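Trainee: I'd like to go over a predicted model; first the sequence, then the structure.
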Amino acid sequence: MALEATFEKTREMLAHEEEEKSKSLYASLIIVLMVGLVGFPVWWMTTNVYRAHLPYDDIDALFSSPIDHTIPVDVILFYDNNDTKEFLINQLDSHFQAQDVESSLVFHIDYRVELARDEQINTLNHISEFNSSQEFEAKMTSDVDPSRPHYTFLIVEDERYQSVEHFSHGRYIWLSDPGDNFELINILWKAIEEIYSDELLTDTYEKSKSRERSKSDLESMVAVTSTTDFEIVFTLLNPDPIHWDVSWNIKEAIDGYMKPMLDRLSDVAEFRLSSQVMFYVNIPQVPRYNPATHDYYYGYEALSYLINPIESKLGSSVFSSHSLNFIVYLPLKANYPLYMENVTGKPIKSNSFLSPRWGGVMFYNPPVVPQGGHGDPLTQQVDVDMRDLIPVFGQQLKELLGVPCGGVCDGVLNDMDVDNFLRIRTLDNVATAMATLQSLARLLNEQKNMVISDSISERVLAGVEAVAECKQALADGHLGRAARASKLAIENAEKAFFDPAILERLYFPEDQKFAIYVPMFLPLSLPVVLSIRDVVQWLKRSVRHR
């Protein structure tokens with residue numbers, strides 16, 4: 001009996017141990033399942049980096065495909081000569097078909113040569129009745145599509161050229177037939193190629209695409225590029241209000257001259273204009289005195305040092321956009337009159353100078369200075385003549401914006417100037433946008449832990465669509481539509497590239513993850529590993545018993 005009791009007790013103990021092992025095994029199995037089916041997926045979902053879709057293939061295709069820019073050209077012969085017409089067509093065909101089509105920027109001249117219609121000849125015969133070249137050209141080319149910059153070459157016989165030469169304006173160019181077809185085609189080739197600068201545009205496009213800027217290119221150093229938002233501020237500095245009571249009609253000058261000019265450039269940039277008057281703001285550097293002429297002047301080497309003392313007082317740092325400053329400075333009475341010299345030591349005619357990518361400064365000397373006698377008033381009333389200022393600032397603004405000079409370099413914009421500006425800025429914008437999008441795509445493709453939010457994806461998609469729209473518009477010859485699309489392209493590309501979500505992840509070191517995950521996962525991993533070991537041993541025993 002005692003032996004049976006011992007066996008029974010032993011069986012109970014073994015059964016209890018087996019039960020405890022089973023409980024331990026089930027607990028280990030539950031832990032493994034909880035970690036595998038719940039814990040790990042929850043951790044993965046909560047720590048996974050969200051990456052919205054980006055069109056990598058579309059970006060690469062846009063970057064590698066060339067731009068085809070169509071320029072519509074009409075050639076109208078104002079004399080009945082079909083032989084000359086056919087000769088010009090054949091020569092133009094052979095000339096433009098021989099151009100390099102392997103370039104990244106291909107120009108396609110969409111030309112047509114035709115004889116003048118009866119109504120055009122009648123208009124030419126009554127040329128003296130028109131008051132302006134614009135009125136005459138509108139009557140002469142009434143069938144031109146206004147949405148496409150259309151260039152028309154009007155060829156007349158030599159004896160009639162003198163009567164129409166002064167009507168050449170912007171997109172309408174009168175040419176004289178020298179009487180020899182080969183001379184005429186050479187004149188026409190040169191005139192057509194003057195519409196656009198193939199080398200300049202290709203160089204601008206290639207440098208913007210590769211993000212290179214030539215330091216030796218003076219024009220690229222002066223002009224502000226790849227910017228679509230400008231704040232233009234006109235400032236009148238009166239350091240001596242005791243002696244100068246100054247007034248200027250800047251609002252009328254802005255509304256009558258600056259705004260109409262900038263409105264024509266609004267397809268590629270936004271311009272906001274403002275003005276201010278500041279008192280007791282003086283240039284601390286003392287000018288030199290010229291005893292021969294009894295005036296004061298700053299030498300050419302001193303001009304670059306005049307801006308820094310007054311720049312901090314202008315308030316231009318409050319603008320988030322790029323600011324261009326145009327300053328009118330009245331001299332102190334003790335330094336009157338005040339001039340500036342050029343590099344050769346001669347007085348600058350406009351009494352102004354240009355600071356690249358910053359603005360312009362002009363010294364304004366009132367026409368009369370008080371003598372200080374007992375009968376003279378202490379303060380002199382000064383009315384700034386805006387006719388002296390606006391042409392100078394207009395020309396400086398053209399240089400700062402990079403508007404090419406189509407002939408005479410002045411403050412006036414003609415149609416050719418606007419077209420050249422839009423063409424250069426459009427190519428610059430679209431090339432910069434493509435380079436930015438490709439750099440962003442390469443960065444996000446390499447950095448797998450970087451967040452790609454929906455806002456970034458939307459901006460990239462909008463930028464890609466705008467680049468494609470710009471290319472299509474250039475191919476169709478619609479320069480204004482291409483300029484507006486290029487503006488949207490570069491704005492969306494820049495916003496996507498500098499999105500705060502990207503910058504936060506860009507500067508987060510990878511090794512910091514170990515400092516976060518090791519203290520959290522190490523204590524948790526030991527029980528899980530032991531539980532997995534128990535489950536594996538149980539599975540092995542089960543296999544052996546079978």
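Mentor: Received, thanks.

Trainee: Show me where the stretch 51-200 of the chain has its strands.
Mentor: In the stretch 51-200 of the chain, strands defined by DSSP state E, counting those that start in this stretch lie at 67-77, 105-115, 151-157, 172-177, listed in chain order.

Trainee: And the chain, by the same measure?
Mentor: In the chain, the strands defined using DSSP state E lie at 67-77, 105-115, 151-157, 172-177, 229-238, 244-247, 270-279, 288-290, 295-298, 322-329, 338-340, 352-355, 359-363, 380-383.

Trainee: Helices of the stretch 1-150 of the chain, start to end?
Mentor: Ranges of helices in the stretch 1-150 of the chain, per DSSP state H, counting those that start in this stretch, are 2-34, 40-47, 56-64, 82-97, 118-125, 133-140.

Trainee: Hmm, I typed the wrong one, I wanted the stretch 351-500 of the chain.
Mentor: Using DSSP H, counting those that start in this stretch, the helices of the stretch 351-500 of the chain run over residues 386-401, 415-446, 454-476, 479-497, 500-506.

Trainee: Relative to Glu119, which of these is closest?
Mentor: helix 415-446 (22.9 Å; Cβ to Cβ). In short, each C-beta sits where N, CA and C put it, glycine included.

Trainee: partners of Arg51 in the sheet?
Mentor: When assigned by DSSP bridges, Arg51 has beta-bridge partners Ile452.

Trainee: Surely it and Val451 touch.
Mentor: Yes: taking contacts as Cβ atoms under 8 Å, Arg51 lies within contact range of Val451: 7.1 Å.

Trainee: and stretch 194-210, average pLDDT?
Mentor: Confidence over stretch 194-210, taken as the mean pLDDT, stands at 78.

Trainee: typed the wrong thing, it's stretch 418-425
Mentor: Looking at stretch 418-425 alone, the average pLDDT works out to 89.

Trainee: low pLDDT regions in the stretch 351-500 of the chain?
Mentor: Along the stretch 351-500 of the chain, the model assigns pLDDT under 70 to residues 368-377, 405-412.

Trainee: if I look at the spatially closest residue to Asn181 that is not a sequence neighbour, how far off is Asp180?
Mentor: Closest residue in space to Asn181, ignoring its immediate chain neighbours: Phe87 at 4.9 Å, by Cβ to Cβ, 6 or more residues apart in numbering. The span separating Phe87 from Asp180 equals 11 Å under the rule Cβ to Cβ, to the nearest Å.

Trainee: do the same with Asn122
Mentor: The gap separating Asn122 from Asp180 is 28 Å, by Cβ to Cβ.

Trainee: Same check on Thr432?
Mentor: 46 Å.

Trainee: Give the bridge partners for Arg272, please.
Mentor: Assessed by DSSP bridges, Arg272 has beta-bridge partners Glu231.

Trainee: residues in contact with it?
Mentor: By Cβ atoms under 8 Å, 6 or more residues apart in numbering, the contact set of Arg272 is 230-232, 321.

Trainee: now do Lys448
Mentor: Shown here is Lys448, whose contacts under the criterion Cβ under 8 Å, 6+ apart are 49, 51.

Trainee: before we move on, what about Pro404?
Mentor: Contacts for Pro404 (Cβ under 8 Å, 6+ apart) come out as 197, 200, 417, 420-421, 424.

Trainee: ok, so what distance separates it from Val73?
Mentor: Applying Cβ to Cβ, one obtains 19 Å for the distance of Pro404 from Val73.

Trainee: likewise Val106?
Mentor: Applying Cβ to Cβ, one obtains 16 Å for the distance of Val106 from Val73.

Trainee: So these two - more neighbours on which side?
Mentor: Val73 (21 against 16; other Cβ atoms under 10 Å).

Trainee: If the more buried one is in a bridge, with which residues?
Mentor: When bridges are assigned using DSSP bridges, the partners listed for Val73 are Tyr111, Tyr151.

Trainee: okay but it is in contact with Glu194, surely?
Mentor: No: taking contacts as Cβ under 8 Å, Val73 lies outside contact range of Glu194: 11.7 Å.

Trainee: residues in contact with the most centrally placed residue in the chain?
Mentor: If you average the C-alpha coordinates of the chain and look for the closest C-alpha using Cα atoms, centre = their mean, you land on Ser226, 2.4 Å from that point. Listed by Cβ under 8 Å, 6+ apart, the contact set of Ser226 reads 208, 428-429, 432, 490.

Trainee: Nearest to Ser455 among those?
Mentor: Checking the contacts of Ser226 against Ser455 by Cβ to Cβ gives Ile490 as the nearest, at 17.4 Å.

Trainee: per-residue confidence at Asn186?
Mentor: Per-residue confidence at Asn186 stands at 89 (pLDDT).

Trainee: what's around it, how many residues?
Mentor: When neighbours are defined as other Cβ under 10 Å, Asn186 has 13 of them.

Trainee: Roughly how far does it sit from Lys85?
Mentor: Distance of Asn186 to Lys85, computed by Cβ to Cβ: 17 Å.

Trainee: And for Val361?
Mentor: Taken as Cβ to Cβ, the spacing of Val361 relative to Lys85 amounts to 55 Å.

Trainee: Settle it for me: which of those two has more neighbours?
Mentor: Neighbour totals were compared for Val361 and Lys85, and Val361 leads with 24 against 15 (other Cβ under 10 Å).

Trainee: Quick one: residues contacting the closest residue to that one other than its chain neighbours.
Mentor: On the basis of Cβ to Cβ, 6+ apart, the spatially nearest residue to Val361 that is not a chain neighbour turns out to be Ile327, at 4.7 Å. Neighbour list for Ile327: 235-237, 310, 314, 359-362 [criterion: Cβ under 8 Å, 6+ apart].

Trainee: between these, which is closest to Gly299?
Mentor: Nearest to Gly299, judged by Cβ to Cβ, of the contacts of Ile327 is Val361 at 14.6 Å.

Trainee: I'd say the closest one and Leu306 touch.
Mentor: Yes: checked against Cβ under 8 Å, the pair Val361 and Leu306 is within contact range at 6.6 Å.

Trainee: where does Trp299 land on pLDDT?
Mentor: Quick fix: residue 299 reads Gly, not Trp. With respect to pLDDT, Gly299 has a value of 93.

Trainee: which residues touch it?
Mentor: Gly299 is in contact with 288, 341, 345, counting by Cβ under 8 Å, 6+ apart.

Trainee: at 10 Å what do you get?
Mentor: Going by Cβ atoms under 10 Å, 6 or more residues apart in numbering, Gly299 touches 287-288, 340-343, 345.

Trainee: likewise Ile242?
Mentor: 279-280, 333, 378-379.

Trainee: pLDDT value on it, please?
Mentor: Per-residue confidence at Ile242 stands at 90 (pLDDT).

Trainee: so what's the nearest residue to Asn351 once chain neighbours are set aside bridging to?
Mentor: Computed as Cβ to Cβ, 6+ apart, the closest residue to Asn351 that is not its neighbour in sequence is Phe363, at 4.8 Å. Per DSSP bridges, residues listed as beta-bridge partners of Phe363: Tyr329.

Trainee: low-confidence ranges in the stretch 201-350 of the chain?
Mentor: Applying pLDDT under 70 to the stretch 201-350 of the chain picks out residues 211-223, 316-319.

Trainee: still on that earlier bit, tell me the residues that contact both of Val73 and Glu194, please.
Mentor: Common contact partners of Val73 and Glu194 (Cβ under 10 Å, 6+ apart): Tyr151.
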